[in-house]
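[1] structure for this input, please:
(one chain, ligands or ions: 1)
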Amino acid sequence: MALQLGDIAPDFTQQSTAGEVHFHQAIEGKWAVLFSHPKDYTPVCTTELGEVARLKPEFDKRNVVVFGLSVDPLKDHEGWAADIKDTQGHALNFPLIADPDRTVAGLYGMIHPNANDTLTVRSVFIIDPNRKVRLTLTYPASTGRNFAEILRVIDSLQLTDSHKVATPVNWQDGDDVIIVPAIQDQGELQRLFPKGYTIVRPYLRTTPQPNR
Ligand code: BEZ
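    Coordinates of the predicted model:
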């Protein structure tokens, strides 16, 4: 069965451009993003990896470690890395995992045989410090992902893990948030949301972002 939200992210050991990755050890105490791409030396993947390298400081700020992956061998990853730097202006600064025996692709269900029976699709897994899968995304090979959206989800997950709120459509860090409907006690509402709140409907109450 495919990995589902709340499942423990499977452990693995595999080679990468930054040395051997022992996954559970590498993500200890951190959030993680594991994303697969279909193939080295391809145009969309080249742009994606350059963009993740550019955004690395944003992932660092959020205590997130990032791992790319494809089923191509390590020597291809190493050769392609020079192209990523030359064409995108950002050198690879995170591990790109080589999964030629498809160990990781199998554990994480990154190969969708009816789309392509040998290459990984564009999967994304966000994993929390308890090693639980908190988001899964699957994109087709022809569509590059929006990594600003991945950062936005991480912001939402980190905020909603520590406050009794949810984030509305198109929310960005700093915008108002939604108070979870389970909080009904007046005293608790005032204690948790001292900046006040707006009752749009009894089930839809907004408040300024509490950690700002
Ligand atoms: C690409 O990254 O450009 C790509 C990879 C596999 C299939 C189609 C496009």
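[2] what ranges do the helices span in the protein?
    Ranges of helices in the chain, per DSSP state H, are 23-26, 43-61, 74-88, 103-108, 147-162, 186-192.
[3] okay, those in JSON lines with mean neighbour count and mean pLDDT next?
    C-beta: built from backbone N, CA, C; applies to glycine. Shown next, in JSON lines, are those (neighbours: other CB atoms under 10 Å; pLDDT from 0 to 100):
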{"stretch": "helix 23-26", "mean neighbour count": "16", "mean pLDDT": "98"}
{"stretch": "helix 43-61", "mean neighbour count": "17", "mean pLDDT": "98"}
{"stretch": "helix 74-88", "mean neighbour count": "16", "mean pLDDT": "98"}
{"stretch": "helix 103-108", "mean neighbour count": "18", "mean pLDDT": "98"}
{"stretch": "helix 147-162", "mean neighbour count": "16", "mean pLDDT": "98"}
{"stretch": "helix 186-192", "mean neighbour count": "12", "mean pLDDT": "97"}
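[4] would CSV of those with distance to the ligand be doable?
    Shown next, in CSV, are the helices of the chain (distance: least, CB to the nearest ligand atom, whole Å):
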stretch, distance to the ligand
helix 23-26, 24
helix 43-61, 3
helix 74-88, 11
helix 103-108, 14
helix 147-162, 15
helix 186-192, 45
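[5] any chance of those in a markdown table, plus distance to Asp173?
    Listed next are those as a markdown table, based on distance: least, CB to CB, whole Å:
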| stretch | distance to Asp173 |
| --- | --- |
| helix 23-26 | 26 |
| helix 43-61 | 11 |
| helix 74-88 | 25 |
| helix 103-108 | 28 |
| helix 147-162 | 5 |
| helix 186-192 | 19 |
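[6] for Tyr203, find the nearest of the ones you listed.
    When the helices of the chain are compared by CB to CB, helix 186-192 sits nearest Tyr203, at 13.9 Å.
[7] without its sequence neighbours, what residue ends up closest to Gly196?
    Spatially, and ignoring its direct neighbours in sequence, Gly196 is nearest to Thr207 (6.9 Å; CB to CB, 6 or more residues apart in numbering).
[8] that neighbour touches Val180, doesn't it?
    No: Thr207 is beyond contact range of Val180, at 10.8 Å (criterion: CB atoms under 8 Å).
[9] quick one: which of those two has more around it?
    Thr207 (19 against 13; other CB atoms under 10 Å).
[10] beta-bridge partners for that one, please?
    Listed by DSSP bridges, the beta-bridge partners for Thr207 are Val177.
[11] swap in Phe67?
    Here Phe67, judged by DSSP bridges, has bridge partners Leu34.
[12] per-residue confidence at Ile111?
    pLDDT, the model's per-residue confidence, is 97 for Ile111.
[13] residues contacting the residue nearest to Gly196?
    Neighbouring residues of Thr207 by CB atoms under 8 Å, 6 or more residues apart in numbering: 165, 176-179, 193, 195-198.
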